[in-house]
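A.B. asks: predicted model and sequence follow; I will ask about them next.
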Amino acid sequence: MCHLNRNMRKFCKKCTCKIMLLFMVLMINSSISLADEKMGLKSKVSTTTLNSARKAINKNTVTLVIDAGSDTQVHIAKDIVDVIEGENQTTRDHIRILPILSKGGAQNALDIMFLNGVDLGIIQTDILAHLRGQNWSLYNNIFSKIKFITKLYHAEWHVIGNKKYKNIRDLKGKLVNISAANSGTNIMSRNIFELLGVKTKYTTYNNEVALEKLKRGEIDAMIMVGGAPLNKLSGLTKEDGLHFIPATFFFDSSEKTPLVNVLEHFYFPSYLSHEHYPGLIEKGSKVPTVANGIMLAVYNWDQSKNSARKRKIEKFINRFFAKFPDFTEIGRHPKWKETSLAAEIPEWQRLNQVKKLIKSKN
């Protein structure tokens, strides 16, 4: 009996502890609930659901696919985020810009056309024609599927190699790195060399590997396409034994051929200067080269009259044009000075909404 009483007392003590612990938990929860109610949190939580929060975020977010390997595109995307999102936006007119890092080149165009969730992209002017040429049955109408908002800036063709090469025609039969397949650099370089009849041997290392191989003499030249100056080349000096190889076919009348005239459909003459690369180019000197246009492109949502995505992109475009002067302020990328909102591009079609905006301002 005594043994039984001792067990009962132990059991009662345990029950008492559990009851006290449960009571304390209830009191704490009650206090938190009371505090929430006083602060107005309880009513907010009760009226805000996960679904409505998800809907609001998606309604106001615009995605922008960019080339992860392009210093210029990354900086341009950051400027777009800063300017478009801005400050003092109300919940109703808030826009969020979400950059997406991609391989660039043809992949960006394919993402705009096919990838769920991609709204806008930055691509070169020659990419759509390249895709159409690669697969006519699939991409013959690609210029009606992907349209442009504006031309952003010029991307220069940087050909860098040993000083013994005085002109890009000297690279015939040489080992030249042109970056990965379907990259913007690869596509542009192949177009130019093939139309000029300069048959080179291509390698496709990434830029970091290619630059080291170039310094060691394992390849003869490497090419990068991007808005000058490129960070990866800015640290080079004459002591590295390298220089920018001139591309003179747009400047030398003796090189003007029907094939060069075809190149002018996509590319245009440009220069690299001492201001771009003081370690490689003498003060007051310029190296002739060629440039490609870089576009802010979008899927042709004109085909969809009342879609939520179309309304979201229209909202972005209105703000982009309204706040465009902010892109040229101090601290923004200098390439914004090359942006031409009204410039037309051969073969490319402009989104209807943008046409109306430009017409209203003229």
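C.D. replies: Thanks, I have it.
A.B. asks: in the protein, where is pLDDT below threshold?
C.D. replies: Across the chain, residues meeting the criterion (pLDDT under 70) sit at 1-48, 87-92, 256-259, 302-306.
A.B. asks: which residues in it form strands?
C.D. replies: Under the criterion DSSP state E, the chain carries strands at the ranges 61-67, 96-102, 120-124, 146-162, 175-177, 201-203, 221-226, 242-244, 267-273, 286-299.
A.B. asks: can I get the longest one in CSV, CA atoms only?
C.D. replies: Only the C-alpha atoms of strand 146-162 are listed here, as CSV (Å, rounded to 0.1, in the frame of the first residue of the first chain):
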residue,chain,number,x,y,z
ILE,A,146,10.4,38.6,-81.0
LYS,A,147,10.2,42.4,-81.2
PHE,A,148,12.3,45.1,-79.8
ILE,A,149,11.7,47.9,-77.4
THR,A,150,14.8,50.0,-78.1
LYS,A,151,18.4,49.7,-79.2
LEU,A,152,20.5,50.0,-76.0
TYR,A,153,24.1,50.4,-77.0
HIS,A,154,27.0,49.3,-79.3
ALA,A,155,29.0,46.2,-78.5
GLU,A,156,32.5,46.4,-80.1
TRP,A,157,34.3,43.4,-81.7
HIS,A,158,37.6,43.1,-79.7
VAL,A,159,40.2,41.1,-81.6
ILE,A,160,43.4,40.8,-79.5
GLY,A,161,46.5,38.9,-80.4
ASN,A,162,50.3,38.9,-81.0
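A.B. asks: how about the strands of the chain, which one is nearest Val354?
C.D. replies: Using Cβ to Cβ as the measure, strand 146-162 is the one of those that comes nearest Val354, at 5.4 Å. The C-beta positions use only the backbone N, C-alpha and C, and glycine is treated the same way.
A.B. asks: dump the strands of the chain to JSON lines, plus mean neighbour count.
C.D. replies: Formatted as JSON lines, those follow (neighbours: other Cβ atoms under 10 Å):
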{"stretch": "strand 61-67", "mean neighbour count": "22"}
{"stretch": "strand 96-102", "mean neighbour count": "17"}
{"stretch": "strand 120-124", "mean neighbour count": "27"}
{"stretch": "strand 146-162", "mean neighbour count": "23"}
{"stretch": "strand 175-177", "mean neighbour count": "23"}
{"stretch": "strand 201-203", "mean neighbour count": "15"}
{"stretch": "strand 221-226", "mean neighbour count": "26"}
{"stretch": "strand 242-244", "mean neighbour count": "21"}
{"stretch": "strand 267-273", "mean neighbour count": "19"}
{"stretch": "strand 286-299", "mean neighbour count": "23"}
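A.B. asks: Throw the ones you listed into CSV and include distance to Leu233, thanks.
C.D. replies: Supplementary listing: the strands of the chain in CSV, determined by distance: least, Cβ to Cβ, whole Å:
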stretch, distance to Leu233
strand 61-67, 16
strand 96-102, 21
strand 120-124, 19
strand 146-162, 6
strand 175-177, 13
strand 201-203, 18
strand 221-226, 7
strand 242-244, 9
strand 267-273, 9
strand 286-299, 12
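A.B. asks: select, out of these, the one closest to Glu347.
C.D. replies: Between those, strand 146-162 lies closest to Glu347; by Cβ to Cβ that is 10.4 Å.
A.B. asks: the closest one to strand 221-226, inter-axis angle?
C.D. replies: Interaxial angle, strand 146-162 versus strand 221-226 (axes from the mean of the first three to the mean of the last three Cα atoms, to 10 degrees): 150 degrees.
A.B. asks: and the angle from strand 146-162 to strand 286-299?
C.D. replies: Put simply, strand 146-162 runs at 150 degrees to strand 286-299, going by the same axes, to 10 degrees.
A.B. asks: wait, Phe320 sits on Ile149?
C.D. replies: Yes: Phe320 is in contact with Ile149 according to Cβ atoms under 8 Å; the separation is 7.2 Å.
A.B. asks: out of the strands of the chain, flag the one nearest Thr185.
C.D. replies: Among those, strand 221-226 sits nearest to Thr185 (Cβ to Cβ), with 4.3 Å.
A.B. asks: quick one: list the elements packing against that closest one.
C.D. replies: helix 71-85, strand 146-162, strand 175-177, helix 184-196, helix 207-215 (3 or more Cβ pairs under 8 Å, 6 or more residues apart in numbering; DSSP states H and E).
A.B. asks: strands paired with it, and their directions?
C.D. replies: Strands that pair with strand 221-226, judged by DSSP bridges, come out as strand 146-162 (antiparallel), strand 175-177 (parallel).
A.B. asks: measure Gly226 to Ala155 for me?
C.D. replies: As judged by Cβ to Cβ, to the nearest Å, Gly226 and Ala155 stand 5 Å apart.
A.B. asks: shared neighbours of these two, anything?
C.D. replies: Shared between the contact lists of Gly226 and Ala155 (criterion: Cβ atoms under 8 Å, 6 or more residues apart in numbering) are residues Thr72.
A.B. asks: re the thing from before, export the helices and strands packed on strand 221-226 to a markdown table and tack on distance to Phe251?
C.D. replies: As requested, the helices and strands packed on strand 221-226 are arranged in a markdown table below (distance: least, Cβ to Cβ, whole Å):
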| stretch | distance to Phe251 |
| --- | --- |
| helix 71-85 | 24 |
| strand 146-162 | 13 |
| strand 175-177 | 21 |
| helix 184-196 | 14 |
| helix 207-215 | 25 |
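A.B. asks: closest one to Asn362 among those?
C.D. replies: Nearest to Asn362 among the helices and strands packed on strand 221-226 is strand 146-162; the distance by Cβ to Cβ comes to 14.9 Å.
A.B. asks: could I get the full set of helices for the stretch 251-362 of the chain?
C.D. replies: Taking DSSP state H, counting those that start in this stretch as the test, the helices found in the stretch 251-362 of the chain are 258-263, 308-322, 352-361.
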